[in-house]
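Student: Have a look; sequence and predicted model below, questions after that.
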2 protein chains.
Amino acid sequence: MYNRKIEEDLDCGIRVAAKVFGGKWKCCILDAINRGINRPADIGRYITDASARVIEMQLAELLFFGAIEKCAEEDVYPKKSEYRLTPMGESILPILELMDRWGLDHNELVKERQRELEHAAV
Amino acid sequence: MYNRKIEEDLDCGIRVAAKVFGGKWKCCILDAINRGINRPADIGRYITDASARVIEMQLAELLFFGAIEKCAEEDVYPKKSEYRLTPMGESILPILELMDRWGLDHNELVKERQRELEHAAV
DNA sequence: ACAATAACCGAAAAAAGATTCGGTAAGCGT
DNA sequence: ACGCTTACCGAATCTTTTTTCGGTTATTGT
């Protein structure tokens, strides 16, 4: 896992939250697992924009920080792995919902500004 | 302002939210302004870890997306600028609070994992 | 007149994060 | 036996974000 060069202030709650579920795909993965899509390959098919590698890496981080747990029959070789939310992972869901709602409430405005930017760039 | 090469999915609320108040310092700046610290130089003194340049840039983005507004007497030259939250900016505060509380509730665990990582890296 | 402060900006560089590519090890269907 | 899928990893590369540095313009205090 990547280790930062510059130390971060983990006394700031927002920074802690960003570390655990920030980043481009972690929220989507938590959402998928919450919906019962809990095997890597299935998550990959659910989140079509993300490559398999990204999903593996983000699963590893979510696992590392204890937001999800791995329930695989480690008999001989992994093969069948399933991930589920831990109570800690579940406690993130209300925040995701709030953020998602906020974003959807304001996306028209943001999209418009985005278009302005793109025009100006030409 | 930086213009991405790769398009992002602004139909996902979380992505929209991240665009407006994600990033390393935007939340801190919103918090500062909310506390009545509303001039760039004062915000700089409040958030000591961030350079003046960063604060300017992030203020510009917050302004661009309409989370804050600039109330400067543009008489002859800027000089005195004050920023305040717009209603849209205020609507972000509950989310920040929730994230901050979540982070503070879980920071011991995260800090410990962080220490493990650093040890392993040596 | 001179130093200090405020508000800004452009551009380069560094750091962080995401993506692609190629690989391993194992099981399942035909 | 052969190809397909699953799970996973390392490393190079590219994109995005953050930081640093040096500059402009104007005001205030001495």
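Tutor: Cool, got the structure.

Student: all helices for chain A, in order.
Tutor: For chain A, the helices defined by DSSP state H occupy A:13-21, A:26-34, A:40-46, A:52-64, A:87-90, A:93-121.

Student: Please name the nearest non-neighbouring residue to A:Met94.
Tutor: Small correction: residue A:94 is Pro, not Met. B:Leu98 (7.4 Å; Cβ to Cβ, 6 or more residues apart in numbering or on different chains). Bear in mind the C-beta positions are built from the backbone N, C-alpha and C, glycine included.

Student: List the residues that contact that neighbour.
Tutor: A:94-95, A:98 (Cβ atoms under 8 Å, 6 or more residues apart in numbering or on different chains).

Student: can I assume A:Ile55 is in contact with A:Ile43?
Tutor: Yes. With contact defined as Cβ atoms under 8 Å, A:Ile55 counts as touching A:Ile43 (5.5 Å).

Student: Need the residues touching each of the two.
Tutor: Jointly contacting A:Ile55 and A:Ile43 under the rule Cβ under 8 Å, 6+ apart are A:Ile29.

Student: So which of those two has more stuff around it?
Tutor: More neighbours surround A:Ile43 than the other of A:Ile55 and A:Ile43, with 24 against 20 (other Cβ atoms under 10 Å in any protein chain shown).

Student: Extract the residue ranges of chain A that are flagged as low pLDDT.
Tutor: A:73-78, A:120-122 (pLDDT under 70).

Student: how far away is A:Gly22 from B:Val110?
Tutor: 12 Å (Cβ to Cβ, to the nearest Å).

Student: whoops, A:Leu109 was the one
Tutor: 33 Å.

Student: ok, now A:Ile6?
Tutor: 17 Å.

Student: Enumerate the residues of chain A near DNA strand C.
Tutor: By Cβ under 7 Å from any atom of the strand, the residues of chain A that approach DNA strand C are A:2, A:4-6, A:23-25, A:49-51, A:53-54, A:57, A:76-77, A:79.

Student: Filter those residues down to the buried ones.
Tutor: Using 16 or more other Cβ atoms under 10 Å in any protein chain shown as the burial test, the residues of chain A next to DNA strand C include A:23, A:25, A:50, A:54 as buried.

Student: Determine which two of these are furthest apart.
Tutor: A:Gly23 and A:Ala50 (11.0 Å; Cβ to Cβ).
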